[in-house]
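Engineer: build me a model:
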Amino acid sequence: MPFSSSSSSSSSSSSPDSKYNLTSAIRAQTQFLTHAYTSHNLVIASYMKNMDNQPPRHEGSTFGHRVIHCDREEADRRLWNDYFSEYPKYSEAMFRRRFRMSRNLFIRIANVVKGHDNYFVQRNDRIGRLGLSTLQKVTAAFRVLAYGIPADEYIQIGESTTIESLKRFCRAIVDVFGERYLRAPDANDVARLLQIGEKRGFLGMLGSLDCMHWTWKNCPTAWAGQYAGRSREPTIILEVVADYDFWIWHAHFGMPGSNTGINVLEGSYLFSNLANGIAPPCHYVIQGQQYHTGYYLADGIYPKWSTLVQTIHEPRGPKKKLFAMMQEACRKDVERAFGVLQSRFAIVKGPTRFWDKCVLHDMMSSCIIMHTMIIEDERDEQADIQGWKEAPTPEVDIARDENIIFQEFLARHRQIKDKEAHYALCNALIEHLWE
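Structural biologist: Got it, this is the predicted structure:
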């Protein structure tokens, strides 16, 4: 009991002291927080006062962004008077040299793009000021493709607007004109190409096949090894089939630069219609032998297929030397097509600085489409094609049995890669050219 009484008296005597200490601690903490809040508000008030006394540091909606006021109305009038008015300052020849195409074709493209994408329609901004015109945006995008540099000083257009116009312009070109100018040759085209090939000594020739590499400067680091080829720089491969007047009938773009021509050929859709049995008819006779499949001229890296004809390495004898000389001369069509494409559109010749692969695909496709449109607009329709006849529409019997369809597909696929048929065709062409 003595122990219990002393413990109770000790706890009762310490209870008032504990309450006093807790109250003092709360009062001290409250005073500290009040002082801190007051000091913080004084700092904020002092900062705001100093900001009010300073001149404005920026204009516009982006902090630190300095707005450059461009006289786009005057630039639009100048562009119109220089190239598109009824009596322009520069002649048609000057327009053709600077815009890579005729004035009528350029205006046609601009009107079609304007009708496809409302971005190219001239509108007023938030303050009622007239925005960039259709010709300004289209000219700025086309100048990037043709010269690889922007036209901001002459057009009075900003860098970001130029890039946006370029992306939308290329997308509109592919959407509107891709179906016509990126198509495979139809029956009438095949008939015309066969006649041209016959006049050049190669019966059954449909064009020349080759690849080119487009350097990708801003390739993502994770993809650099995949896209780096023998040049040790990331590149993207373009596979092309071109005819005698540089018309590009087939374009397959996007394969990494580490691939060879054989890999690209295996991954492309060049012979897909032929393997599926829906290719246009192609009939010709060489040395009394009938053939029903056209072929393309290619270099020595491609495989020995019945649809490809290569030159002869180190030919011996006058017949083989003549064949090698004529094959290499005709195969230069695709090499020259690459040169013309790069001379017209400098962005294809130099390294590209865009990141998105889809944007690169649209840019390359739009350049090929406009290249083909220029050829269609400028070539002589009466040259070398006076006697061509319209080919009949092929009649296709649809097989209902899926097993039969698959077996026919395999047979056509084996026929395309038939090495013996390749050598027989080359020997027949050698004899035909010698005669």
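
Engineer: and stretch 157-175, C-alpha only, in CSV?
Structural biologist: The C-alpha coordinates for stretch 157-175 follow below in CSV (Å, rounded to 0.1, in the frame of the first residue of the first chain):
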residue,chain,number,x,y,z
ILE,A,157,6.1,32.2,-93.3
GLY,A,158,7.4,30.8,-90.0
GLU,A,159,9.4,27.6,-89.6
SER,A,160,6.7,25.7,-87.7
THR,A,161,4.1,26.7,-90.3
THR,A,162,6.4,25.5,-93.1
ILE,A,163,6.9,22.1,-91.5
GLU,A,164,3.2,21.7,-90.9
SER,A,165,2.4,22.8,-94.5
LEU,A,166,5.0,20.3,-95.8
LYS,A,167,3.5,17.4,-93.9
ARG,A,168,-0.1,18.2,-94.9
PHE,A,169,0.9,18.8,-98.5
CYS,A,170,2.6,15.5,-98.9
ARG,A,171,-0.2,13.7,-97.2
ALA,A,172,-2.8,15.3,-99.5
ILE,A,173,-0.7,14.5,-102.6
VAL,A,174,-0.6,10.8,-101.7
ASP,A,175,-4.3,10.7,-100.8
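
Engineer: for it, which outside residues touch it?
Structural biologist: 68, 70, 72, 75, 109, 112-113, 116-117, 119-120, 132, 136-138, 140-142, 144-145, 150-152, 182, 359, 362-363, 365-366, 369-370 (CB atoms under 8 Å, 6 or more residues apart in numbering). For every residue, glycine as well, the C-beta is placed using N, CA and C.

Engineer: only whichever of these are buried, select them in ChimeraX.
Structural biologist: The following ChimeraX line selects those of the contacts of stretch 157-175 that are buried, judged by 16 or more other CB atoms under 10 Å:
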select :70,72,75,109,113,116,117,119,120,132,136,137,138,140,141,142,144,145,150,151,152,182,359,362,363,365,366,369,370
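
Engineer: and the contacts of stretch 157-175, which of them are in helices?
Structural biologist: Under the assignment DSSP state H, these contribute 72, 75, 109, 112-113, 116, 136-138, 140-142, 144-145, 152, 359, 362-363, 365-366, 369-370 to helices.

Engineer: now do the strands in the protein.
Structural biologist: Remark: strands assigned in the chain by DSSP state E are 205-215, 235-242, 248-256, 284-286, 289-291, 295-297, 308-309.

Engineer: quick one: mean pLDDT for the second one?
Structural biologist: Mean pLDDT, taken over the full extent of strand 235-242, equals 93.

Engineer: same question, the fourth one
Structural biologist: The predicted model assigns strand 284-286 a mean pLDDT of 88.

Engineer: domains of this structure?
Structural biologist: Domains of the chain are assigned by automatic domain parsing as 72-181, 187-434.

Engineer: and those as JSON lines, adding distance to Leu22?
Structural biologist: Shown next, in JSON lines, are the domains of the chain (distance: least, CB to CB, whole Å):
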{"stretch": "domain 72-181", "distance to Leu22": "61"}
{"stretch": "domain 187-434", "distance to Leu22": "61"}
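
Engineer: tell me the contacts of Cys70?
Structural biologist: Counting by CB under 8 Å, 6+ apart, Cys70 has contacts 156-158.

Engineer: most surrounded residue in these?
Structural biologist: Each of the contacts of Cys70 was scored for neighbours by other CB atoms under 10 Å, and Ile157 scores highest at 23 neighbours.

Engineer: ok so, going back, Lys332: which of the strands of the chain is closest?
Structural biologist: Proximity to Lys332 (CB to CB) singles out strand 205-215 among the strands of the chain, at 7.6 Å.

Engineer: listing partners with orientation, what would you give for that closest one?
Structural biologist: strand 235-242 (antiparallel), strand 295-297 (parallel) (DSSP bridges).

Engineer: got the angle for it vs strand 248-256?
Structural biologist: Orientation of strand 205-215 against strand 248-256 (axes from the mean of the first three to the mean of the last three CA atoms, to 10 degrees) gives an angle of 30 degrees.

Engineer: that older thread, out of the strands of the chain, deepest packed?
Structural biologist: strand 295-297 (a mean of 25; mean count of other CB atoms under 10 Å).

Engineer: for that strand, which outside residues touch it?
Structural biologist: For strand 295-297, the external contacting residues (CB under 8 Å, 6+ apart) are 202, 204-209, 241, 306-310, 327, 330-331, 333, 425.

Engineer: cool, and stretch 102-115?
Structural biologist: 83-84, 92, 95-96, 99, 120-121, 134-135, 138, 142, 169, 172-173, 176-177, 370, 373-374, 377-378.

Engineer: and if we set it to 6 Å?
Structural biologist: 95-96, 99, 120, 134, 138, 172, 176, 377 (CB atoms under 6 Å, 6 or more residues apart in numbering).

Engineer: restricted to helices, list the residues you listed.
Structural biologist: Per DSSP H, helices hold the following members of those: 95-96, 99, 134, 138, 172, 176, 377.

Engineer: of those residues, closest to Val190?
Structural biologist: Of all the ones in helices among the contacts of stretch 102-115, Val190 sits closest to Asp377, with 22.5 Å by CB to CB.

Engineer: any idea how far the nearest residue in space to that closest one that is not next to it in sequence lies from Asn111?
Structural biologist: Once flanking residues are discounted, Asp377 sits nearest to Leu105: 4.9 Å by CB to CB, 6 or more residues apart in numbering. Applying CB to CB, to the nearest Å, the value for Leu105 to Asn111 is 11 Å.

Engineer: and these two? Which one has more around it.
Structural biologist: Shown here are Leu105 and Asn111; by other CB under 10 Å, Leu105 has more neighbours (18 against 13).

Engineer: if I look at the more buried one, how far off is Gly257?
Structural biologist: For Leu105, the distance to Gly257 - CB to CB - is 33 Å.

Engineer: just Thr311 next, same as before
Structural biologist: Going from Thr311 to Gly257 by CB to CB gives 25 Å.

Engineer: between those two, which is the more surrounded one?
Structural biologist: Neighbour totals were compared for Thr311 and Gly257, and Gly257 leads with 21 against 18 (other CB under 10 Å).

Engineer: this completes my enquiry, with thanks.
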